[in-house]
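A.B. asks: Give the three-dimensional model of this entry:
(chains A and B)
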Amino acid sequence: MNCKELNEISDSYVSDELLVETNHEVLRHLENCADCRRVVSGQRLLRRLIRAKLKSAPETRLDPAFATRLTAQIRETALAPSALESLFGVSSLRGVRVAALAFAAIVLFALGGVFLLNRPDANVSLSANTTPNNKTAQESSGVGVIRAVWNEIASHAAGDHENCAVKFGLKEKPISLDEAARKYEPNTKDLGEAIKAALNIGHTKSGSGDTEFLKAHSCLYEGRRFTHLVLRHKGRLVSLLVTGTDLPDGDGEIQTARFDELGVSGFHVSRHAVFVVSDLPSADNIDLARQIAPAVRLQAKKKEA
Amino acid sequence: MFGFVREREKKWAAFEAEALPLMPDVYRVACWLTGNRDEAEDLTQETFVQALKSFHRYTPETNCRAWLITILTRLNGKRRLKLGQLKLVEDVDEQIAETIPFEPSIPQHLTDEEVVEAFCRVPAKFAHVVLLTDVEEFSYKETAALLQVPIGTVMSRLHRGRRLLRKELSGYWGRKNIAAGG
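C.D. replies: All right, here's what the predicted structure looks like:
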């Protein structure tokens, strides 16, 4: 393979669309050609950049209020009786057959004056008792969407832990909680202090292992600002992250998600989404989330008030 | 007995489990296709209403995301046709390709806004292919099916879309350099 041939298929190479044999030829060529390596590396960079930025652009985030409205509307449509059912007032195929027979009987009676069939209406009124409880079903219908939005924010929390606490690779330098309180959220510093106090960091043991406070700051990851506390817990780096959210007020129930080797446990309450991220077992993350939950809830309520 | 009510509940449960969690993805693609949040919400709504109607055609636990995005792109095509935004001018591809004589390098430090702006300046037919393949990670074959065009067209539009994007992004590099006196 020469440079011209590679240039013709480099897009497909970057998109992983080549056959294995062709892929090997490309790799062989790249081993010996610095110019082509530069071109391909530039194409890969462009692809990564576009994916990262466009997937997380704040202007394309689903508004939870819209999601809840749309879910309710679709649910209503999905569970509404069909025109056929409404016409015959029945809720089963057998009911339709019965109603159709009754209809035919009436027609026959009208035409010939001879009523031959009795209208068997035993199944006609089934629908009255089989309509699901609206409130319960509606509540459950929004859960999938809320969970999807929560998962998306949780993936950003995991990304922030990876890029800020572990690799120090954030594009924008983190700022102090004081500065964040002045510029963005007045309660940022209090929130950080409340979390530290809840974990009694630096003074006693938390859970079954030592917890050491490392740093606290406010950082930006994929367009989302986090109040970020970094700890060492049981010898592993742990991030406690709090960010604003428009998710409907949760009941504080702790949810978990996994992104590769990172576990995320968290909850959302009063427009705050809270996450514990680490590569520790989920039980440890959940334990930390439980410990800080009352303090975060209190701070969030204070802010609302 | 085969009850309609039970059947509806079963269908709804399946739809709720498979389709609804994909609402953020559908909305994101709708945003990029329309370039407008209100229109994206309308399109997302139409997509899910249509998906519910056609849910009997979907094979459970296959690629629900691709199925929803197919509905979305078809509805968007109709919408654009209605608005007169779909113009079939085939030689535009060539004209645009001719205007990009080289592959400029991409600056390292771009803000989110700059990347989004650059993407929005790429003509829709190329941007949509870049969106579906590079951002949403659909294969060439899937993208061809979504847009109802041959795979060869996907490949050529992707090539041109990436080059246009690269050109737009390199513009920021130039402007930044000038501003910095470089």
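A.B. asks: what residues are up against residue A:156?
C.D. replies: A:56, A:221-222, A:224, A:243 (Cβ atoms under 8 Å, 6 or more residues apart in numbering or on different chains). Using the backbone N, CA and C atoms, a C-beta is placed for each residue, glycine as well.
A.B. asks: Can you tell me the element it falls in?
C.D. replies: helix A:134-160 (DSSP states H and E).
A.B. asks: Quick one: mean pLDDT for that helix?
C.D. replies: Average pLDDT, helix A:134-160: 70.
A.B. asks: Okay, the closest residue to chain B within the stretch 201-305 of chain A and residue B:51: tell me how far apart.
C.D. replies: Closest residue of the stretch 201-305 of chain A to chain B, Cβ to the nearest Cβ: residue A:223 (5.8 Å). Counting by Cβ to Cβ, to the nearest Å, the gap from residue A:223 to residue B:51 is 29 Å.
A.B. asks: How many residues are close by the residue nearest to residue B:41 when sequence neighbours are not counted?
C.D. replies: Nearest residue to residue B:41, sequence neighbours excluded (Cβ to Cβ, 6 or more residues apart in numbering or on different chains): residue A:66, at 5.6 Å. Neighbour count of residue A:66, defined by other Cβ atoms under 10 Å in any protein chain shown: 17.
A.B. asks: Could you tell me what pLDDT the model assigned to the closest residue to residue A:190 other than its chain neighbours?
C.D. replies: Nearest non-adjacent residue to residue A:190, counting by Cβ to Cβ, 6+ apart: residue A:299, 5.9 Å away. pLDDT, residue A:299: 82.
A.B. asks: so residue A:299 sits right up against residue A:191, yeah?
C.D. replies: Yes - Residue A:299 sits in contact with residue A:191 when judged by Cβ atoms under 8 Å, with a separation of 4.9 Å.
A.B. asks: Compare these two (neighbour count), which wins?
C.D. replies: A direct count of neighbours by other Cβ under 10 Å for residue A:299 and residue A:191 places residue A:191 higher, at 28 against 22.
A.B. asks: Confirm for me that that one is in contact with residue A:242.
C.D. replies: Yes - here residue A:191 lies in contact with residue A:242, judged by Cβ under 8 Å, at a distance of 6.0 Å.
A.B. asks: circling back to that earlier point, more neighbours: which of residue A:223 and residue B:51?
C.D. replies: Regarding residue A:223 and residue B:51, a neighbour count based on other Cβ under 10 Å identifies residue B:51 as having more, with 24 against 14.
A.B. asks: ok, which stretches of chain B are strands?
C.D. replies: With DSSP state E as the criterion, chain B has no strands.
A.B. asks: where exactly do the helices run in it?
C.D. replies: B:4-18, B:23-34, B:37-53, B:64-83, B:91-98, B:112-121, B:124-130, B:140-147, B:151-179 (DSSP state H).
A.B. asks: Likewise for the stretch 101-250 of chain A?
C.D. replies: Under the criterion DSSP state H, counting those that start in this stretch, the stretch 101-250 of chain A contains helices at A:127-130, A:134-160, A:177-183, A:188-199.
A.B. asks: Can you mark which positions in the last one are buried?
C.D. replies: When neighbours are counted by 16 or more other Cβ atoms under 10 Å in any protein chain shown, the buried residues of helix A:188-199 are found to be A:188-192, A:194-196, A:198-199.
A.B. asks: Of all the helices of chain B, which one comes closest to residue A:1?
C.D. replies: helix B:151-179 (18.0 Å; Cβ to Cβ).
A.B. asks: For residue A:298, which non-adjacent residue is spatially closest?
C.D. replies: residue A:194 (6.9 Å).
A.B. asks: Report pLDDT for that neighbour.
C.D. replies: 86.
A.B. asks: quick one: terminal-to-terminal distance for stretch A:181-195?
C.D. replies: Length of stretch A:181-195, first residue to last, Cα to Cα, to the nearest Å: 15 Å.
A.B. asks: Just give me how far it sits from the chain centre.
C.D. replies: Taking Cα atoms, centre = their mean, to the nearest Å, the mean C-alpha location of stretch A:181-195 is offset from the chain mean by 25 Å.
A.B. asks: any idea which helix or strand of the chain has the worst average confidence?
C.D. replies: Using chain A here. Lowest by mean pLDDT, DSSP states H and E among the helices and strands of chain A is helix A:127-130, with a mean of 32.
A.B. asks: look at chain B instead
C.D. replies: That would be, for chain B by mean pLDDT, DSSP H and E, helix B:91-98 at a mean of 45.
A.B. asks: right, and residue A:11 touches residue B:160 too?
C.D. replies: No - counting by Cβ under 8 Å, residue A:11 stays clear of residue B:160, with 9.8 Å between them.
A.B. asks: Let me see the contact set for residue A:155.
C.D. replies: Neighbour list for residue A:155: A:257, A:259 [criterion: Cβ under 8 Å, 6+ apart].
A.B. asks: swap that for residue A:259, please
C.D. replies: Here residue A:259 is in contact with A:154-155, A:158-159 (criterion: Cβ under 8 Å, 6+ apart).
A.B. asks: Which member of those residues is positioned nearest chain B?
C.D. replies: Nearest to chain B among the contacts of residue A:259, with distances taken as Cβ to the nearest Cβ, is residue A:155, at 11.0 Å.
A.B. asks: Show me where the stretch 151-300 of chain A has its strands.
C.D. replies: A:211-221, A:224-233, A:236-244, A:255-259, A:262-269, A:272-278 (DSSP state E, counting those that start in this stretch).
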